[in-house]
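Asker: Here's a sequence, model it:
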Amino acid sequence: MKRPRHLLLLAALVVAAVSRLSADGSASLKGDPSHPAAAAWVRTELYFGIGLADPAPGAAGRITEADWRQFLDSEVTPRFPDGLTVFDAYGQWQNRSSAKPSRLRTKVLVILHEDTPERRAALDAIRLAWKNRWHDQSVLLVTQRADVSF
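Answerer: The predicted structure follows:
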């Protein structure tokens with residue numbers, strides 16, 4: 001019985017991948033210029049409230065997609081030109097005095113960057129610009145160490 005070509009190709013790819021593993025079974029990126037191991041990197045998430053998730057009938061959303069993109073282009077990209085990721089989400093909370101939760105449409109901005117005073121100041125400037133422009137109380141910031149490889 002002849003073996004289909006795609007199975008032979010798959011087997012060759014598996015052998016090639018296994019041959020690149022180090023003796024302990026892990027892939028090695030030492031010396032790889034796309035693996036910035038020398039720097040301390042972090043993953044920062046910023047949470048921007050952009051309007052009620054359940055607005056009253058006839059009510060328009062507070063911040064449009066065009067507003068959001070303009071903010072990214074004018075405030076975020078100049079400070080982090082190497083790239084970022086945006087997720088659409090919603091958050092919810094319930095005040096003790098309320099019968100039902102409040103829901104807020106949210107943009108989650110994820111930036112992987114070196115952990116430096118300059119980068120932290122840039123994040124603070126982004127948060128301040130948002131609060132000043134939209135008169136929001138806060139922009140949630142979450143930062144975690146990250147092992148980064150490109």
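Asker: Please identify the nearest residue in space to the residue nearest to the spatial centre of the chain, excluding sequence neighbours.
Answerer: In the chain, the residue lying closest to the centroid (CA atoms, centre = their mean) is residue 110, at 2.1 Å. Nearest residue to residue 110, sequence neighbours excluded (CB to CB, 6 or more residues apart in numbering): residue 85, at 4.3 Å. For the C-beta atoms, the positions are set from N, CA and C on the backbone; glycine is no exception.
Asker: and that neighbour, what is it in contact with?
Answerer: Each residue near residue 85 by CB atoms under 8 Å, 6 or more residues apart in numbering is listed here: 109, 110, 111.
Asker: how much space between it and residue 44?
Answerer: For residue 85, the distance to residue 44 (CB to CB, to the nearest Å) stands at 11 Å.
Asker: Quick check: neighbours shared by the two?
Answerer: In contact with both residue 85 and residue 44: 110, 111, using CB under 8 Å, 6+ apart.
Asker: circling back: the contacts of residue 85 in strands, which ones?
Answerer: 109, 110, 111 (DSSP state E).
Asker: Could you single out the nearest of the residues you listed to residue 140?
Answerer: residue 109 (10.5 Å; CB to CB).
Asker: Can you point out the buried residues in stretch 46-53?
Answerer: Across stretch 46-53, burial judged by 16 or more other CB atoms under 10 Å covers 46, 47, 48, 49, 50, 51, 53.
Asker: can I assume residue 69 sits in a helix?
Answerer: Yes. Checked against DSSP: H, G, I helix; E, B strand; the rest coil, residue 69 lies within a helix.
Asker: ranges for the helices of this protein?
Answerer: 5-19, 65-71, 117-134 (DSSP state H).
Asker: count of residues packed around the nearest residue to residue 108 once chain neighbours are set aside?
Answerer: Spatial nearest neighbour of residue 108, chain neighbours left out: residue 87 (4.3 Å); criterion: CB to CB, 6+ apart. Neighbour count of residue 87, defined by other CB atoms under 10 Å: 11.
Asker: For this structure, which segments count as strands?
Answerer: For the chain, strands defined by DSSP E occupy the ranges 41-52, 85-93, 102-114, 140-146.
Asker: Provide the strand pairings for the longest one, with the direction of each partner.
Answerer: Take DSSP bridges as the rule and strand 102-114 pairs in its sheet with strand 41-52 (antiparallel), strand 85-93 (antiparallel).
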